[in-house]
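K.L.:
Starting from these lines, generate the structure:
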Amino acid sequence: MNRLLSLEDVEKSMQQFIDERFLGQPFFKTLLQGEWTAHTLHYFAWQYAHYSANFPRILGAAISAMAPEDDWWIPLADNLWDEAGRGIPGHSHAVLYRTFLESVDPKAHKLYDNRQKWPSMGPSVSQAVKDFINFFYKATPLEAMAAVGLGSEFFADQIMGTIGQGLRHPQYQQKSSVNTTFWEVHARHDEPRHYALCRTVLLKETPADSYQHILEIGQYIAGSEASMYDGIYQEALSHGI
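P.N.:
Numbers count the residues shown, from 1 in each chain. As a prediction, this is how the structure comes out:
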C-alpha cells in the first residue's frame with residue numbers, strides 16, 4: 001500500500017477505484033455499447049428517479065453531521081440549493097430529471113407528481129439510500145465531508161457524463177429521443193463546483209495522518225453507489241427485461 005502524503009495522492013487512489021468499480025462493470029459497458037433494451041432503460045429511469053428524489057435527504061443528513069461553522073456546512077448547503085434550482089423556476093433537479101424520465105416513459109407525466117403511483121423502489125436503491133443516511137448519522141464532520149466530497153462529488157461529473165454519453169447512443173435516440181439535459185447539466189456545471197467546495201475544506205482540515213482514513217471513507221461511499229448501479233442492472237435482468 002502506497003503511503004498517502006497529500007490530498008492529491010488520495011484523489012489518485014480514488015480515481016483508480018472509480019475506474020475499476022464503476023466504468024468496468026456491466027451497467028456502464030452495456031449502456032455505452034447501446035445494448036440496453038427499452039425495458040432496461042425504463043427500469044433504470046424509474047429507479048434513478050427514486051434515488052434523485054431522496055438525494056436531498058442524503059444531503060440533509062450530511063449537513064447534520066457538519067461542524068457548526070460556516071466553512072463546513074455551506075458547501076453542502078450550496079449543493080442542496082442546486083437541487084432546488086437555486087430558486088429559479090423550472091431549474092430544480094426534480095424538473096430537470098422529469099425531462100429525462102418522460103422522454104423514456106411518456107406515461108410518466110401522469111405519475112410524476114404523485115409519488116404513491118411510481119413503480120416500486122428496488123432493493124438496490126433502497127439499500128443505498130439507507131446506507132448513506134445511516135452513515136452520516138454516525139459520522140464525524142471530517143468523515144461526512146470526505147463521504148460527500150471524495151465518495152460522491154469527486155467523480156460525479158465523470159459518472160453522470162458517462163451515463164449521458166451512453167444515453168446519446170443512436171440505439172436509444174432512434175427509439176425515443178432520450179433527453180439527456182439532466183445528465184449534461186450535472187456533468188458540466190454542478191458537480192465540479194460541488195467538489196471544489198468540499199475539497200477546500202478537506203485541504204484545510206485533514207490532518208496528515210488521516211489521509212488513509214478519508215480515502216477509506218470515500219471508497220466505502222463510492223462503493224455503495226457502484227453497488228447501486230450494478231444492482232439496478234441486475235434487477236432489470238432478473239425481471240426478464
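K.L.:
how far is the helix or strand hosting Tyr233 from where the chain is centred?
P.N.:
In this structure, Tyr233 sits in helix 211-238 according to DSSP states H and E. Centroid separation for helix 211-238 versus its chain: 10 Å, with C-alpha atoms, centre = their mean, to the nearest Å.
K.L.:
Which other helices and strands does that helix contact?
P.N.:
helix 7-21, helix 26-32, helix 38-64, helix 123-138, helix 141-148 (3 or more C-beta pairs under 8 Å, 6 or more residues apart in numbering; DSSP states H and E). C-beta: built from backbone N, CA, C; applies to glycine.
K.L.:
Now the third one: average pLDDT?
P.N.:
What that stands for is helix 38-64. Per-residue pLDDT over helix 38-64 has a mean of 95.
K.L.:
Restricting to C-alpha, output the helix or strand following it in PDB.
P.N.:
Reading on from helix 38-64 to the C-terminus, the next helix or strand found by DSSP H and E is helix 70-83. Extracted in PDB, the C-alpha atoms of helix 70-83 (Å, rounded to 0.1, in the frame of the first residue of the first chain):
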ATOM      1  CA  ASP A  70     -19.900  28.200   8.000                       C
ATOM      2  CA  ASP A  71     -16.900  26.700   6.300                       C
ATOM      3  CA  TRP A  72     -18.200  23.200   7.000                       C
ATOM      4  CA  TRP A  73     -21.900  23.400   6.200                       C
ATOM      5  CA  ILE A  74     -22.000  26.000   3.400                       C
ATOM      6  CA  PRO A  75     -20.500  23.700   0.700                       C
ATOM      7  CA  LEU A  76     -23.300  21.100   1.300                       C
ATOM      8  CA  ALA A  77     -26.000  23.800   1.600                       C
ATOM      9  CA  ASP A  78     -24.800  25.100  -1.800                       C
ATOM     10  CA  ASN A  79     -25.300  21.600  -3.200                       C
ATOM     11  CA  LEU A  80     -28.800  21.400  -1.700                       C
ATOM     12  CA  TRP A  81     -29.600  24.800  -3.100                       C
ATOM     13  CA  ASP A  82     -28.700  23.400  -6.500                       C
ATOM     14  CA  GLU A  83     -31.200  20.600  -6.000                       C
END
